[in-house]
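1. output the structure for:
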Amino acid sequence: MKVLVTHPGRQHSHHVALALEEAEMLAGYWAGVPAVAEQAWRVPGFLRGTFARYAPIVLPPARARWFPWTPAIRRTGDSWLPSGGAAWTDFAACRLFDRWAARELAGIEAEAVIACEISALSIFRAARRRGMTTILDAPSIHHAAQDRLHGTTDPPNLHQRIVRIKDEEIALADHVLTVSELARQTYRDAGVPVEKVHAVPLGADLGLFSSDGGAKSGDLTFLFAGATIRRKGFDLLLEAFDRVAAAEPDTRLRIVGPRGDLGRLLDGRSGDRVAFLGPRPQTELAAEMRRADVLVLPSRNDSYGMVVAEALASGTPALVSEMVGAKDLVTEGKTGWILAVEDLEALSDRMAWCARHPEAVRAMGPDCRRAAETATWPAYHRRLAELVRGLLETSSGRPNLA
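-> As a prediction, this is how the structure comes out:
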């Protein structure tokens, strides 16, 4: 049984490909960015920031293809167009990649295809004509839940088109892969049959994200890792921190990640209490995780939230909302805390408790590390390969739908 994996960017799709390769099930990995070193070497140095942003993975070069028009279109939108226009070009890049992959499908032998949402419609149609099993990679929660929780910043016409395509992809998919039980539940709530949706929680690099074993001391430090956007509850975090810092001045907040739609809330906040570090390489993020006392992620919607697993692996407890998929790794009062979504009072109270009890917070480190040991990438690879093999075994003998 062989499976083709397609994705217009990367996200966690390279781990899907690696999992299937280890299980001798990978037919091919087609992405919008170079995946293997042989592809990245062909990119001129001045273009690598656009086309070769990610470290190469170890796959047979013959099984890896990439479509350079996808990052080229995205870079054009990001560099030259306002946010609404950039959203349209990102959509166009996904759709162009999907059509390319659908055309190329005729030249590969595979029993199934795993394709990412918004870039799966054309290839699913082509795959079903060939009698292949179609598996939707759904990195986000269901779009109906997204709209209910925080809406969208996309232009209305674009949002309508995206919703229509997502619904068509779900209908064409034999199976849907989500990254958490939380995300899986949103698909069930939207009426997708329970037997069609499967959760495979993601992993973390426990080699990179690890505790140095040293005792933490000094001012209690909160860490926010992610884009400064409304979806991640950044506005709630800043308001809660201001309340806590007014009563507990020996507290600090460090922010790692790109400026997003709420980046303006950082204006005039430069100083010792709030430090905005901007995007940082993974090695520097790992150092911040080890240095911090508490990771705070009060998201209105985080289908998984990999930074939670990374924080726990670093010996740092996590304070998350109930809408963070990785909350399944958090044991209340032992490795962190889970709060109701958008509950500013509860968030402020818990952050204030942490500020008043630094010794208790820092004593959670060993339990945090143990909790993260189940959330490794090798464990993800095993779970994913076992699930896909089982799905294909039950789908064998499916008739051609041309």
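
2. just the buried positions in the biggest helix by length in the chain, please.
-> In the chain, with assignment by DSSP state H, the single longest helix is helix 83-104. Buried residues in helix 83-104, defined by neighbour count with 16 or more other C-beta atoms under 10 Å: 86-98, 100-102, 104. For every residue, glycine as well, the C-beta is placed using N, CA and C.

3. go on, stretch 212-225?
-> Neighbour counts using 16+ other C-beta under 10 Å place 216, 220-225 of stretch 212-225 among the buried residues.

4. what's the pLDDT at residue 327?
-> Note on residue 327: pLDDT of 97.

5. I should have written residue 114 there, sorry.
-> Note for residue 114: predicted pLDDT of 98.

6. which SSE is the closest residue to residue 292 other than its chain neighbours in?
-> Closest residue in space to residue 292, ignoring its immediate chain neighbours: residue 223 at 3.6 Å, by C-beta to C-beta, 6 or more residues apart in numbering. Assigned by DSSP states H and E, residue 223 belongs to strand 220-225.

7. what's that strand in contact with?
-> 232, 234, 237, 241, 248, 250-257, 285, 288-289, 291-297, 307, 310-311, 316, 351, 354-355, 358, 361 (C-beta atoms under 8 Å, 6 or more residues apart in numbering).

8. are any of the residues you listed buried, and which?
-> Those of the contacts of strand 220-225 that meet the buried threshold are 232, 234, 237, 241, 248, 251-257, 285, 288-289, 292-297, 307, 310-311, 316, 351, 354-355, 358, 361, by 16+ other C-beta under 10 Å.

9. the protein - how does it break down into domains?
-> 3-203+377-395, 220-372 (automatic domain parsing).

10. now do the shortest one: distance from first to last residue.
-> With C-alpha to C-alpha, to the nearest Å applied, domain 220-372 spans 22 Å between its terminal residues.

11. stretch 364-380 too?
-> End-to-end distance (C-alpha to C-alpha), stretch 364-380: 25 Å.

12. repeat that for stretch 56-64.
-> First-to-last distance for stretch 56-64 - C-alpha to C-alpha - comes to 11 Å.

13. for that stretch, what is the average pLDDT?
-> Stretch 56-64 shows a mean pLDDT of 92.

14. equivalent analysis for stretch 221-233, please.
-> The average pLDDT for stretch 221-233 rounds to 96.

15. so how far is it off the chain centroid?
-> 14 Å (C-alpha atoms, centre = their mean, to the nearest Å).

16. using CSV, write out every CA atom in it.
-> These are the backbone C-alpha positions of stretch 221-233, laid out as CSV (Å, rounded to 0.1, in the frame of the first residue of the first chain):
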residue,chain,number,x,y,z
THR,A,221,8.7,35.2,33.8
PHE,A,222,5.7,34.5,31.6
LEU,A,223,6.4,33.5,28.0
PHE,A,224,4.1,33.9,25.0
ALA,A,225,5.3,32.1,21.9
GLY,A,226,3.3,32.7,18.7
ALA,A,227,2.0,35.4,16.4
THR,A,228,0.5,38.4,18.2
ILE,A,229,-3.0,37.8,16.9
ARG,A,230,-6.5,37.8,18.2
ARG,A,231,-7.0,34.1,17.5
LYS,A,232,-4.2,33.3,20.0
GLY,A,233,-5.8,35.6,22.7
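
17. going forward, the N-terminal residue is numbered 24.
-> That works, and once the first residue is 24, the last one we named lands at stretch 244-256.

18. quick one: contacts for residue 175?
-> 169, 182.

19. repeat for residue 205
-> The neighbours of residue 205, taking C-beta under 8 Å, 6+ apart as the test, are 164, 326, 346-348, 350-351.

20. looking at these, which are in strands?
-> Applying DSSP state E to the contacts of residue 205, no entry is found in strands.

21. residue 360: which of those is nearest?
-> Of all the contacts of residue 205, residue 350 has the smallest distance to residue 360: 9.7 Å, by C-beta to C-beta.

22. low-confidence regions, this protein specifically.
-> 63-76, 99-108, 293, 419-425 (pLDDT under 70).

23. apply 80 and report the result again.
-> 60, 62-77, 92, 94-108, 235-238, 293-295, 418-425 (pLDDT under 80).

24. who touches the longest helix of the chain?
-> For helix 106-127, the surrounding residues in contact (C-beta under 8 Å, 6+ apart) are 29, 31, 53, 55, 88, 90, 92-94, 96-97, 99-101, 104, 138, 141-146, 148-149, 176-178, 181, 184-185, 188.

25. pull the CA atoms of the next helix or strand after it into PDB?
-> Next along the chain after helix 106-127, taking DSSP H and E as the criterion, comes strand 135-139. Taking C-alpha atoms only, strand 135-139 is exported to PDB below (Å, rounded to 0.1, in the frame of the first residue of the first chain):
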ATOM      1  CA  ALA A 135      -4.300   6.800  -1.400                       C
ATOM      2  CA  VAL A 136      -3.500  10.500  -1.300                       C
ATOM      3  CA  ILE A 137      -3.200  12.800   1.800                       C
ATOM      4  CA  ALA A 138      -3.800  16.400   0.900                       C
ATOM      5  CA  CYS A 139      -4.100  19.600   2.900                       C
END
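
26. I'm done for today, thanks for sticking with me.
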